[in-house]
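K.L.:
here's my sequence, what's the structure:
(2 chains)
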Amino acid sequence: MALEELYKEVILDHYKNPRNKRDLPGGELSCALNNPLCGDQITIHAHLDDGRMAEVTFEGSGCSISQASASMMTEAVTGRSLEEAKRLAGEFRGMMEGAVEPDEASLGDLVALKGVVKYPVRIKCAVLAWDAFQEAVSGPGQT
Amino acid sequence: MIGELDVARIRKDFPILERRVHDRPLVYLDSSNTSQKPRQVIDRVSEFYERHNANLYRGVYELSEEATAMFEDARARLAQFIGASDPGSVIFNRGTTESTNLVAHGYARKVLRPGDEILLTEMEHHSNLVPWQFAAQATGATLRFIPLAEDGTLDLSGLESLLTERTKLLGVSGMSNVLGTMPPLERLAAAAHAVGAVIVVDGAQLVPHATVDVQALDIDFLTISGHKMLGPTASGGLYGRRELLERMDPFLGGGEMILEVYPDRSTFKAPPWKFEAGTMNIAEEIGLAAAIEYLEELGMRAVRRHEQEITAYAIARLTEAGATVFGPRDVEQRGGAVSFWFKDIHPHDLAQILDQEGVCIRAGHHCAQPLMRVLGVPATARASFYIYNSNDEVDALVGALERAEAIFGA
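P.N.:
I've put the predicted structure just below:
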């Protein structure tokens, strides 16, 4: 597979110009995870308002796949209900496991990360932000 | 041909170097991780299984005697290779990690008392740090660290305040797997002995790439990794000064390490067999003997000179291409593990792109997370060289970096 399938334009754009990359004072949910293999670090912050993901931000450093995935994830889940966001997380994970054919209508830009499936070592990079998100929203009182 | 090594001829001995990766010639620049194996080593292992395979010591029959002789001959060869006069001072095991754990368990736990100190350096591999953490936690001893200087060498200016009568053990890498740094071992050994401490040298990177003489350097313990010096994985072992080995407790209990066993107690063999429980890595250590013969034929001085030349070339080419190279510039003070950071492209992205060009490098923290924090980077890319690498391969590396730059528009 050509390298361009992995490093798609949209991924590089999110990497170089990350969306929602900031602290979130007052965000009641957060989770920090790292990928010891690469040294990728991601902290997810989220603010729930009336059962919806009102604001989701991230902080961290790492490879292009981990950071772009985090950036795309914050965009994808913001505005969704908690249930929808969790369903989306499941769908993304399914795509990364190669088990689910990605639906562009719901995943949007995230479909660009499909190419990562061909590089098993990098799948951990792509799902790191999602792991952190899922842990943040399943924290105490959020099950 | 670089220096005294005929690289083209050497490459013919390594079958794997003929293969292609992603339809490109394999450019293997990860020998600090594990080295490739020459035909001579592969054949020796095959020959052992095809003609001599039996367990050691306990057979009265011809095969077992042959296997035992080959295994003990490998021990003698390894002892001679590192300048040890007594083959019995070499314990065979899976390599450096197991060796460090053996010293930490059998020696450090026995001698350390609360308030004692273990002195390490900021550049140690996790395998020369975590076992000492275990020993310190078990005994109440404290870990201290020799800092790095700006140029990637050890800052020994404060050694007198770090190495005191409280220090019972100094653990130091003979050659950093990240920076290539080669500390002055003779000086450190003398300084350790002056305060009554023992010195444990992590030889994972040093032994494959330079002449080591444990007696001339006056080293107490040296850990040896066979798979980084052309040998099979899970070969290698530990050199220990005889009187220290005598004092040490066994680590693993079981068959072969005992003299007499009663329901409630046992007596043990003398070193090195006291530390070799169960069926050993017989074929691997016998294969390591072939690796040592191969290196001795080339001559370790020639090996070292070849690597100094290719390392100097790599540092110059990488710097010219815009990379930041970590570690000492002077190849007299370093080995051929060259870590670098290239134009803000994360090392994992870099390694992935290089792989598509057939170039194998390592990316990550190199099992040295504390060192990454000192360097202020999350990870580095690392190219490392051995006897079969050429300047052409350094050029291939630099060419592949340009491809990465094109993709990332850095």
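
K.L.:
shaky segments in chain B?
P.N.:
B:1-3, B:410 (pLDDT under 70).

K.L.:
interface residues of it facing chain A?
P.N.:
Taking C-beta under 8 Å from any C-beta of the partner chain as the contact definition, chain B meets chain A at B:346-349, B:352-353, B:356, B:363-365, B:372, B:378-379, B:407-409. (Each C-beta comes from the backbone N, C-alpha and C, glycine too.)

K.L.:
buried ones among those?
P.N.:
Burial by neighbour count, 16 or more other C-beta atoms under 10 Å in any protein chain shown: within those this picks out B:346-349, B:352-353, B:356, B:363-365, B:372, B:378-379, B:407-408.

K.L.:
for chain B, what are the nearby residues on chain A?
P.N.:
Counting by C-beta under 8 Å from any C-beta, chain A comes close to chain B at A:3-4, A:6-7, A:12, A:36-41, A:61-65, A:119, A:122, A:125.

K.L.:
again, only this time at 7 Å
P.N.:
Residues of chain A lying close to chain B (C-beta under 7 Å from any C-beta of the partner chain) are A:3, A:7, A:12, A:37-39, A:61-64, A:119, A:122.

K.L.:
those, buried ones only, as a ChimeraX selection?
P.N.:
The buried residues among the residues of chain A next to chain B can be selected in ChimeraX (16+ other C-beta under 10 Å) with this line:
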select /A:3,7,12,38,39,62,63,64,119,122
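
K.L.:
tell me which of the residues of chain A next to chain B fall in helices.
P.N.:
A:3, A:12, A:64, A:122 (DSSP state H).

K.L.:
CSV for those, including pLDDT and distance to residue B:129?
P.N.:
Shown next, in CSV, are these (pLDDT from 0 to 100; distance: C-beta to C-beta, whole Å):
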residue, pLDDT, distance to residue B:129
A:3, 76, 36
A:12, 93, 37
A:64, 93, 30
A:122, 90, 28
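
K.L.:
just the element for residue B:395, please.
P.N.:
Under the criterion of DSSP states H and E, residue B:395 resides in helix B:391-408.

K.L.:
revised request: answer the last question for residue A:100.
P.N.:
Residue A:100 belongs to no helix or strand, assigned by DSSP H and E.

K.L.:
pLDDT score for the closest residue in space to it that isn't next to it in sequence?
P.N.:
Nearest residue to residue A:100 in three dimensions, chain neighbours excluded: residue A:94, at 3.2 Å (C-beta to C-beta, 6 or more residues apart in numbering or on different chains). On pLDDT, residue A:94 comes in at 92.

K.L.:
and whichever strand or helix holds residue A:94, what does it pack onto?
P.N.:
Taking DSSP H and E as the criterion, residue A:94 maps to helix A:82-96. Applying 3 or more C-beta pairs under 7 Å, 6 or more residues apart in numbering or on different chains; DSSP states H and E, we find helix A:82-96 packed against helix A:64-77, helix A:104-107, helix A:120-137.

K.L.:
run through the strands of the stretch 101-250 of chain B in chain order.
P.N.:
B:117-121, B:142-146, B:167-173, B:198-202, B:221-225, B:236-240 (DSSP state E, counting those that start in this stretch).

K.L.:
as JSON lines, those strands with mean neighbour count would be great.
P.N.:
Shown next, in JSON lines, are the strands of the stretch 101-250 of chain B (neighbours: other C-beta atoms under 10 Å in any protein chain shown):
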{"stretch": "strand B:117-121", "mean neighbour count": "25"}
{"stretch": "strand B:142-146", "mean neighbour count": "17"}
{"stretch": "strand B:167-173", "mean neighbour count": "25"}
{"stretch": "strand B:198-202", "mean neighbour count": "26"}
{"stretch": "strand B:221-225", "mean neighbour count": "29"}
{"stretch": "strand B:236-240", "mean neighbour count": "30"}
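
K.L.:
which one of those strands lies nearest to residue B:401?
P.N.:
strand B:167-173 (27.5 Å; C-beta to C-beta).

K.L.:
quick one, helices of the stretch 301-410 of chain B?
P.N.:
B:347-356, B:369-375, B:391-408 (DSSP state H, counting those that start in this stretch).

K.L.:
where's the residue nearest to residue B:384 when sequence neighbours are not counted, which helix or strand?
P.N.:
Nearest residue to residue B:384, sequence neighbours excluded (C-beta to C-beta, 6+ apart): residue B:32, at 3.5 Å. Counting by DSSP H and E, there is no helix or strand that carries residue B:32.

K.L.:
and residue B:32, how many residues sit next to it?
P.N.:
Look at residue B:32: counted by other C-beta atoms under 10 Å in any protein chain shown, it has 28 neighbours.
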